[in-house]
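Got a predicted structure plus its sequence, pasted below:
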Amino acid sequence: MTNILNLLKDLEPKGVQFARIAELAQVGTGSSNRNESTGDGEFPFFVRSKTVYKSTEYEFDEEAIIIPGEGGIGDIFHYISGKYALHQRAYRISFTDDRVQTKFALYYMKTAFKEFIMQKAVSATVTSIRKPMIEDFLIPLPSLEIQKEIVRILDTFTELEAELEAELEARKKQYEYYRNHLLTFEQQGGVRWVPMGEVAKIRNGSDWKALPSGGIPVFGSGGKMGSVGTSVHDGPSVLIPRKGSLGNLFYLNEPFWTVDTCFYTEIDSSSCLPKFLYYYLKTQDLAALNLAGGVPSLTQTQLNRILVPIPNIERQAEIVEILDKFDALVSDLSIGLPAELKARRQQYEYYRNQLLTFKEIDAA
């Protein structure tokens, strides 16, 4: 790492040449439609999303960068070396000039292409791009030795991040398995089952715009929306969306306010621990209760009827303690895998910016 940073530092006074993609590569679209994908196809089929589909036929056999022509512009990039099919509104950038490595250009585009495109936008967002816009993008051209070393370093970071993401995903599945196992009870015998309305009072949220400012969080169905100076409840409580993402539950043990798209609960903790109720509801498919024709929604009546298992308080506390540990391992950004992944991403971004910042030669 030190050697490549020293090489780049030596380049700083004089800079490097830049060239338009039009001078370096072929740019074009595919001719396939989304409905032509097949689950058992041999070849990757790139569309306008992060998901890569399959096709039984291929259109190109090359090394290329794939980007969408609509949606996700500046955020979605694919690298391919080999045969593939391409959607008619996705672009391929196939480099024909031996002064640039495709993967080097890929990493550089990930850092700078979105800002470049936004400068060309006439509105706050870019919904689609055309071939001339892509061809105008400038790629720096340090020596191939430098390009290869930068690619090697960033590939290593990418692989390490992918390994951590895979491990975190495995831990999440393990957590879900144990959560479901611990919260599965026989309907007959073992524990008492009661309608949720017997252990929790479900309350409506209300408008917050006229409230004084302060440090108390305001929650809606999507999460925290802002803060105010007064609370509707001091917790603990389980927040349940009334509209929108019905499975997006929150547990709070602090003062809060909720808006009218989110219910909050006042729970009888002598018979049901609030955190136990939260974990149990996380195992339930609340979206299946939706009867609305438009925006998904729930009613108090539906929620009050949900049957909740009530083991003794000691057993509830044991289950909560176990699940709290699992939840921290897969969710808490200050410990465990999430913290390691966050640190790795920050390290990657730092070095990527260090490695991919170039001064244009003879630039004013």
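On my side now, so go ahead.

Let me see the domain layout of the chain.
17-141, 186-310 (automatic domain parsing).

ok, now which ones touch residue 157?
Counting by Cβ atoms under 8 Å, 6 or more residues apart in numbering, residue 157 touches 344, 347-348, 351-352. C-beta here means a position set from N, CA and C on the backbone, and glycine is covered the same way.

typo on my end, residue 94
25-27, 60, 62-64, 102.

cool, residue 187 as well?
residue 193.

rewinding a little: make JSON lines out of the domains of the chain and add distance to residue 336 and mean pLDDT.
Formatted as JSON lines, these follow (distance: least, Cβ to Cβ, whole Å; pLDDT from 0 to 100):
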{"stretch": "domain 17-141", "distance to residue 336": "26", "mean pLDDT": "91"}
{"stretch": "domain 186-310", "distance to residue 336": "18", "mean pLDDT": "91"}
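
Rebuild the ones you listed as CSV, extending it with distance to residue 357.
Shown next, in CSV, are the domains of the chain (distance: least, Cβ to Cβ, whole Å):
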stretch, distance to residue 357
domain 17-141, 9
domain 186-310, 35
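
in the stretch 201-350 of the chain, which spans are helices?
274-282, 300-304, 313-331, 336-355 (DSSP state H, counting those that start in this stretch).

Could you give me the buried positions within the longest one?
Judged by neighbour count using 16 or more other Cβ atoms under 10 Å, the buried positions of helix 336-355 are 336-338, 341, 344, 348, 351-352, 355.

same check, this time on stretch 32-41
So, applying 16+ other Cβ under 10 Å, buried residues of stretch 32-41: 32, 36-37, 41.

First residue to last residue on that stretch, what's the distance there?
From its first residue to its last, stretch 32-41 covers 14 Å (Cα to Cα, to the nearest Å).

Same list, the buried residues of stretch 32-41, but as TSV with distance to residue 294 and secondary structure please.
What follows is these, written out as TSV (distance: Cβ to Cβ, whole Å; DSSP: H, G, I helix; E, B strand; the rest coil):
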residue	distance to residue 294	secondary structure
32	34	strand
36	32	helix
37	30	coil
41	36	coil
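
Among these, which one lies nearest to residue 219?
residue 37 (39.3 Å; Cβ to Cβ).

which residues does that closest one contact?
45, 47, 53-55.

rerun at 7 Å
45, 53-55 (Cβ atoms under 7 Å, 6 or more residues apart in numbering).

hmm, back to that, check the contacts of residue 157 and tell me the two furthest apart.
So, those by Cβ to Cβ: farthest apart are 344 and 352, at 12.1 Å.

partner residues bridging residue 310?
Counting by DSSP bridges, residue 310 is bridged to residue 192.

what's the burial count for residue 27?
20 (other Cβ atoms under 10 Å).

cool, and residue 140?
Residue 140: 23 neighbours (other Cβ under 10 Å).

The closest residue to it other than its chain neighbours - how many residues pack around it?
Counting by Cβ to Cβ, 6 or more residues apart in numbering, the nearest residue to residue 140 once its immediate chain neighbours are dropped is residue 358, at 4.0 Å. Neighbour count for residue 358, taken as other Cβ under 10 Å: 20.

Surely residue 358 is in contact with residue 138?
No - using Cβ atoms under 7 Å, residue 358 is not in contact with residue 138, being 10.0 Å away.

which SS class is residue 159?
helix (DSSP: H, G, I helix; E, B strand; the rest coil).

That one and residue 78, how far apart?
Separation of residue 159 from residue 78 (Cβ to Cβ, to the nearest Å) stands at 17 Å.

How about residue 258?
41 Å.

more neighbours, these two?
Using other Cβ under 10 Å, the more surrounded residue of residue 258 and residue 78 is residue 258, with 29 against 19.

Find the residue closest to the more buried one in space, skipping its chain neighbours.
Residue 258 sits nearest to residue 205 (Cβ to Cβ, 6+ apart), 3.3 Å away.
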